[in-house]
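Visitor: structure of the sequence below:
(chains A, B, C and D)
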Number of protein chains: 2
Amino acid sequence: MKEVAALAGVSLSTVSRVVNNDPAVRSDLASRVRDAVAALGYRHNATASALRRADGLSESIGVIVEDIANPFFSALHRGIEDVARERGVLTFAGSSDERPERERQLAEAFGARGVDGLILAPAATDHSFLLRDRAAGVAIVFVDRPGRFIDADAVLTDNAGGAATAVAHLVAAGHSRIGFLGDRPDLYTAAERLRGFKDELARRGLGVDSSLVRHTLTRAADAYETTSEMLLGSEPPSALFTSQNLITIDAVRAIHDLGLQHSVAVVGFDDIALADVVAPGLSVIAQDPAGLGRAAAQLLFARLDGFDGPSREVVLAPRLLARGSGELPPPVPRP
Amino acid sequence: MKEVAALAGVSLSTVSRVVNNDPAVRSDLASRVRDAVAALGYRHNATASALRRADGLSESIGVIVEDIANPFFSALHRGIEDVARERGVLTFAGSSDERPERERQLAEAFGARGVDGLILAPAATDHSFLLRDRAAGVAIVFVDRPGRFIDADAVLTDNAGGAATAVAHLVAAGHSRIGFLGDRPDLYTAAERLRGFKDELARRGLGVDSSLVRHTLTRAADAYETTSEMLLGSEPPSALFTSQNLITIDAVRAIHDLGLQHSVAVVGFDDIALADVVAPGLSVIAQDPAGLGRAAAQLLFARLDGFDGPSREVVLAPRLLARGSGELPPPVPRP
DNA sequence: AAGCGACGAGAAAACGTTTTCAGGAGTGCG
DNA sequence: CGCACTCCTGAAAACGTTTTCTCGTCGCTT
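Guide: Residues are numbered from 1 along each chain as shown, chains lettered A, B, ... in the order given. From the prediction side, this is the model:
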């Protein structure tokens, strides 16, 4: 910048003004500066700028999700990126792998880089450590799951409602023995979906057979086996509710390998590529991950724009996509 | 930091030394400083640090891909993140949507944020604009496709080889009329795959029927229709090579909707979730997107670590996964 | 006992910007 | 013709760090 000033024969202040499109600079000087910028290939240093600037904004935000490679989260990430882009805000992203300490490290690292905001799909059970960042002016929004021990904006899917819809749908098809294949039960979304599952069964006057409620230990890795085991048991369910995308994939794989795809009804949570191509088509409760991301980003920027009201919660309703697997009837009882 | 210094009764220099784990500070002072840090909730400002620091490294890199939500790129992104994480380096990510000016804006924005390196799956046809960044010390690595008009490290899949493998596989199953469903032909990967396709046909003594070579205009949006059209034509192919993940998904959908899934053989490029569950299982030429990402990050960090040799190119071989659809025989000719 | 080296700590400059403040040149008015 | 404005511009301080340089203290050697 010094060189630019020298070449254009003006002061640093003037160069700064031109770079920031301050209209109060004479046009001939401005164009001289612009020429110098072009001639020297000068590039503005955004971090130094943020350091001094009054608002101190870095025009960047951080995104922490479980796994950036999971299609659900990458679509969410894209939703965030789209609204951030409109404002010229860049996006850091990191995967917590569902490990609280990793999540915390990421938040710390993002904070040290001076992000203006943080959007996180939380893994930890205590997010009070974020209070410090918030005090420093960092806007905080939770997505997919609410934060705990901190009052902050959040964007959620109606998990319990979606699960209830799935159950209602299966019951309507005639099922009464419905299996639940869930994620680690300490996860908010998993717990909510289980709650919706149980509540709806109760509402229908059906009991919950605890042998039909299973949780995977390590997410998906053992969903295949758990499914096989349940279906090969002595009193197998006639229908299955698989409560997360990766779990659904492995469960469906297991069902197909057992050749039961036309006799066991399935409704999964989260939509999946090729779900409409498998036979029968896979019925799902579809979330709108990009919509979750966009909504979260909007809440975030509202805060950065000065909104200072009480924290807000946006809940998006998932949609049932009936494609065949969820409409299979139960086997006719032996006479 | 000033407050910390005041509370601990030491100078700024000492606080800085403690924060950076300089062993040359007396342990009693060090712990006094650490106490003060904890008491005040002090957080290190990484950007100010980078500004002054000798090496000027921001410990962050930028990733530019076509679409961060495409499972292929999000897996690639994750591969990058994994090796960056080991070094405490954070990752910016952005989607170019295959638009050169958008790619350039992102590169500019990352550069202004002072990234240490840039990994890009290029969209533009001229990347000489990156020379300026490189001159400023930014390491540059291309992934999935090479850059043009700039000599830089690159990590690629053997696209032509993979396509040739697909063709060879279909020919081995007895096919001689093989359709090609490709991406926008100006894309490097699309062109390479088409080249491999044609070369292998030629090698087998089979001609290329140009009516069987189609390109989608807008990626996937019209793959469904293009597929239907080709298969319903007067002289349809008996096998199809679909040359990209999103195209494969739509093509398979079209084939299933036409009820031809057991009569038209298919090999796709890129693996897909549920590919082994559809009937017949979808045979693919699988890339290793996470591996591409890891390799790219390794090349990048090698540069940052001072490697100054000529630019390197890493080529990963894709793997054929035979699952059924690629092994279907051609229809028996009418007697 | 003087001198020397090693060690550790502080003062101050520097990184690349923005912003406040003051002042100079022009303009319009009394 | 002088005064009060308005406009622009430049000098310098500031942002939160790191780093160089200097200096004091201590322990050891001669």
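Visitor: how about the contacts made by A:Val89?
Guide: Residues counted as contacts of A:Val89 (CB atoms under 8 Å, 6 or more residues apart in numbering or on different chains) are A:Glu59, A:Ser60, A:Ile61, A:Asp116, A:Phe301. Heads up, the C-betas are built off the backbone N, CA and C, glycines and all.
Visitor: surely the first one touches A:Ala46?
Guide: To tie it back to what came earlier, the one meant is A:Glu59. Yes. With contact defined as CB atoms under 8 Å, A:Glu59 and A:Ala46 form a contacting pair (6.9 Å).
Visitor: and the helices in chain A?
Guide: If you assign secondary structure with DSSP state H, the helices in chain A sit at A:2-8, A:12-19, A:27-40, A:46-52, A:71-86, A:100-112, A:130-135, A:159-172, A:188-203, A:223-231, A:245-257, A:289-304.
Visitor: dump those to JSON lines, plus distance to B:Leu120.
Guide: Listed next are these as JSON lines, based on distance: least, CB to CB, whole Å:
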{"stretch": "helix A:2-8", "distance to B:Leu120": "28"}
{"stretch": "helix A:12-19", "distance to B:Leu120": "26"}
{"stretch": "helix A:27-40", "distance to B:Leu120": "24"}
{"stretch": "helix A:46-52", "distance to B:Leu120": "19"}
{"stretch": "helix A:71-86", "distance to B:Leu120": "16"}
{"stretch": "helix A:100-112", "distance to B:Leu120": "22"}
{"stretch": "helix A:130-135", "distance to B:Leu120": "30"}
{"stretch": "helix A:159-172", "distance to B:Leu120": "37"}
{"stretch": "helix A:188-203", "distance to B:Leu120": "34"}
{"stretch": "helix A:223-231", "distance to B:Leu120": "36"}
{"stretch": "helix A:245-257", "distance to B:Leu120": "28"}
{"stretch": "helix A:289-304", "distance to B:Leu120": "22"}
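Visitor: run a quick neighbour tally on A:Ala75.
Guide: The number of residues packed near A:Ala75 is 23, by other CB atoms under 10 Å in any protein chain shown.
Visitor: that one and B:Glu3, how far apart?
Guide: In this structure, A:Ala75 and B:Glu3 are separated by 43 Å, where distance is defined by CB to CB, to the nearest Å.
Visitor: ok, A:Asp250 next?
Guide: 53 Å.
Visitor: comparing these two, which residue is more hemmed in?
Guide: In terms of neighbours (other CB under 10 Å), A:Asp250 is the more surrounded of A:Asp250 and B:Glu3; the figures are 23 against 13.
Visitor: that one: what's its closest spatial neighbour, skipping adjacent residues?
Guide: Computed as CB to CB, 6 or more residues apart in numbering or on different chains, the closest residue to A:Asp250 that is not its neighbour in sequence is A:Ala223, at 3.8 Å.
Visitor: what residues does that neighbour make contact with?
Guide: Residues touching A:Ala223, when contacts are defined by CB under 8 Å, 6+ apart, comprise A:Leu181, A:Thr216, A:Thr242, A:Leu246, A:Ile247, A:Ile249, A:Asp250, A:Ala251, A:Ala254.
Visitor: got the residues of the stretch 51-200 of chain A near chain B?
Guide: If contacts are counted using CB under 8 Å from any CB of the partner chain, the residues of the stretch 51-200 of chain A sitting beside chain B are A:51, A:58, A:60, A:67-71, A:74-75, A:77-78, A:81, A:85, A:88, A:90-95, A:108-114, A:132, A:135-136.
Visitor: and the residues you listed near DNA strand D, which?
Guide: Intersecting these with the contacts of DNA strand D gives A:Leu51 (criterion: CB under 7 Å from any atom of the strand).
Visitor: buried only: go through the residues of the stretch 51-200 of chain A next to chain B for me.
Guide: With burial judged by 16 or more other CB atoms under 10 Å in any protein chain shown, the buried subset of these is A:58, A:60, A:67-71, A:74-75, A:77-78, A:81, A:85, A:90-95, A:109-114.
Visitor: residue of the stretch 201-335 of chain A closest to chain B, please.
Guide: Taking CB to the nearest CB as the measure, the point where the stretch 201-335 of chain A comes nearest chain B is A:Leu274, at 4.2 Å.
Visitor: so what's that residue closest to, chain neighbours aside?
Guide: For A:Leu274, the closest residue by CB to CB, 6+ apart turns out to be B:Leu274, at 4.2 Å.
Visitor: roughly how far does that neighbour sit from A:Asp271?
Guide: B:Leu274 sits 11 Å away from A:Asp271 when distances are taken as CB to CB.
Visitor: before we move on, what about A:Asn45?
Guide: Using CB to CB, one obtains 43 Å as the distance from A:Asn45 to A:Asp271.
Visitor: likewise A:Val213?
Guide: 23 Å.
Visitor: quick one: low-confidence parts of chain A?
Guide: Applying pLDDT under 70 to chain A flags residues A:219-221, A:333-335.
Visitor: what parts of it come near DNA strand C?
Guide: So chain A meets DNA strand C at A:1-2, A:12-13, A:15-17, A:19-20, A:42-45, A:48-49, A:51-55 (CB under 7 Å from any atom of the strand).
Visitor: among the helices of chain A, which is nearest B:Glu103?
Guide: In terms of CB to CB, the element of these nearest to B:Glu103 is helix A:71-86, at 12.7 Å.
Visitor: between helix A:289-304 and the closest one, find me the angle.
Guide: Taking axes from the mean of the first three to the mean of the last three CA atoms, to 10 degrees, one finds helix A:71-86 and helix A:289-304 inclined to each other by 40 degrees.
Visitor: now for helix A:71-86, which elements pack on it?
Guide: Here helix A:71-86 touches strand A:60-65, strand A:90-95, helix A:289-304, helix B:71-86, strand B:90-95, going by 3 or more CB pairs under 8 Å, 6 or more residues apart in numbering or on different chains; DSSP states H and E.
Visitor: briefly note if the third one comes near chain B.
Guide: Yes. With CB under 8 Å from any CB as the measure, helix A:289-304 is seen reaching chain B through A:Ala290.
Visitor: pull out the buried positions in that helix.
Guide: Buried-residue list, helix A:289-304, by 16+ other CB under 10 Å: A:289-304.
Visitor: let me know the closest of the residues you listed to DNA strand C.
Guide: Taking CB to the nearest atom of the strand as the measure, DNA strand C sits nearest to A:Leu304 out of those, at 15.8 Å.
Visitor: I figured the closest one hits A:Gly117, correct?
Guide: Yes. Between A:Leu304 and A:Gly117 there is a contact at 6.2 Å, judged by CB under 8 Å.
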